[in-house]
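Undergrad: Build the 3D model from these lines:
(one chain, ligands or ions: 1)
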Amino acid sequence: MSGKDDYYNRAKQQGYRARSAYKLKQLDETADLFADGDTVVDLGAAPGGWLQVAAEKVGPQGKVVGVDLQRIDDLEPHQVTTMRGDMTEEQTRDRLRRELGVAERSSAANQNAPRSGDVDESRRLSSANQKSKISGDADEGEGVVDLVISDMAPNMTGEYELDHARSVHLARIAFETAQQYLKPGSDFVAKVFQGRDLADLREEMSESFQYVRTVTPEASRDSSSEVYLVGKGYTTAPITEGDELSVEITDTGEEGDGIAKVEQFTVFVADAEVGEEIDIEITDVKPNFAFAERLD
Ligand SMILES: C[S@@+](CC[C@H](N)C(=O)[O-])C[C@H]1O[C@@H](n2cnc3c(N)ncnc32)[C@H](O)[C@@H]1O
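TA: Below you'll find the model as predicted:
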């Protein structure tokens, strides 16, 4: 018996429905995914190993919603709800939206545009405590989910290119779902089989997250080509570090910096006064605000 088969036995002994539970635990160790009280969406959740781990990690104040083509037997933790459906179908995505209790938000529109509503000065935080604070005070309509995880996998045909393409398609659907519901600063994980479209998907994700990692948990079988793309720090910023642009200072932050809006996205500019029209360079981009220096 190889070392990897130990995970099967451990899952049996420890009451997990699938050995994949250990993949999620290892992903969490590597990428720090969960926090107490989080709301988590788990796509491709049957038979429920990841749901069990997620429920443990978010605790009794959290909420976990699992979706799968297959029926998922009831789980004891009260914070877990499940639904049976195909995530490639709109009606399943509608049901998920209703379960999360949010209005529809276009993922395409959301991809490079900020969410509606101003970002207030209280969100100007040090990067060290950014995730928890921002997650904690996000309003409905600004994102309601702290983490989207997808372990969706297609039925394997054995044809490498086809299986890869189908897994990328499922990961893209998961990514679109994440774009609809994630709070600024929150995270996303999706399984994908290695192949030629993996780099493109990672590149697309990197536009919406502060950074993206490719992680292979030890519990993934040696024979598997699966990897997990982990997006950290969901951002809706329409700008990137190094951008130069002309702005008008429309407000003043609590610490005296000028505030400019770029497509509703808040940019703090040091030494700038309300009413000034100035050229700036973006120096640091956070999930829902940025810092800039004036150029003139
Ligand atoms: C590897 S299993 C997930 C194991 C799960 N993470 C666990 O720990 O129990 C992959 C799952 O993806 C589901 N799946 C595949 N395509 C799907 C789709 N279009 N919509 C919803 N679920 C899908 C499959 O039914 C299967 O249960």
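Undergrad: Please, where are all the helices along the stretch 51-200 of the chain?
TA: 90-100, 107-111, 130-137, 160-181, 198-206 (DSSP state H, counting those that start in this stretch).
Undergrad: how close does His169 get to the ligand?
TA: 9 Å (Cβ to the nearest ligand atom, to the nearest Å). To be clear about C-beta, it is placed using only N, CA and C from the backbone, and glycine gets the same treatment.
Undergrad: give the contact list for that residue.
TA: 88, 154 (Cβ atoms under 8 Å, 6 or more residues apart in numbering).
Undergrad: The residue in the stretch 151-296 of the chain that the ligand sits nearest to - how many residues pack around it?
TA: The ligand sits closest to Asp151 of the stretch 151-296 of the chain, with a gap of 3.4 Å, by Cβ to the nearest ligand atom. Neighbour count for Asp151, taken as other Cβ atoms under 10 Å: 24.
Undergrad: Apart from its chain neighbours, what residue comes closest to it?
TA: Closest residue to Asp151 apart from its sequence neighbours, by Cβ to Cβ, 6 or more residues apart in numbering: Gly44 at 4.7 Å.
Undergrad: Looks like that neighbour contacts Ser150 (just checking).
TA: Yes - applying Cβ atoms under 8 Å, one finds Gly44 in contact with Ser150, separated by 5.8 Å.
Undergrad: Who has more neighbours out of the two?
TA: Shown here are Gly44 and Ser150; by other Cβ under 10 Å, Ser150 has more neighbours (27 against 22).
Undergrad: Show me which positions of stretch 51-61 end up buried.
TA: By neighbour count with 16 or more other Cβ atoms under 10 Å, stretch 51-61 contains the buried residues 51-55, 57-58.
Undergrad: follow-up on the earlier one: OK, contacts around the residue nearest to Asp151?
TA: Applying Cβ under 8 Å, 6+ apart to Gly44 gives the contacts 67-68, 87, 150-153, 170, 191.
Undergrad: how does it look with 6 Å?
TA: If you count contacts by Cβ atoms under 6 Å, 6 or more residues apart in numbering, Gly44 has them with 68, 150-152.
Undergrad: That one and Lys191: what is the separation?
TA: 8 Å (Cβ to Cβ, to the nearest Å).
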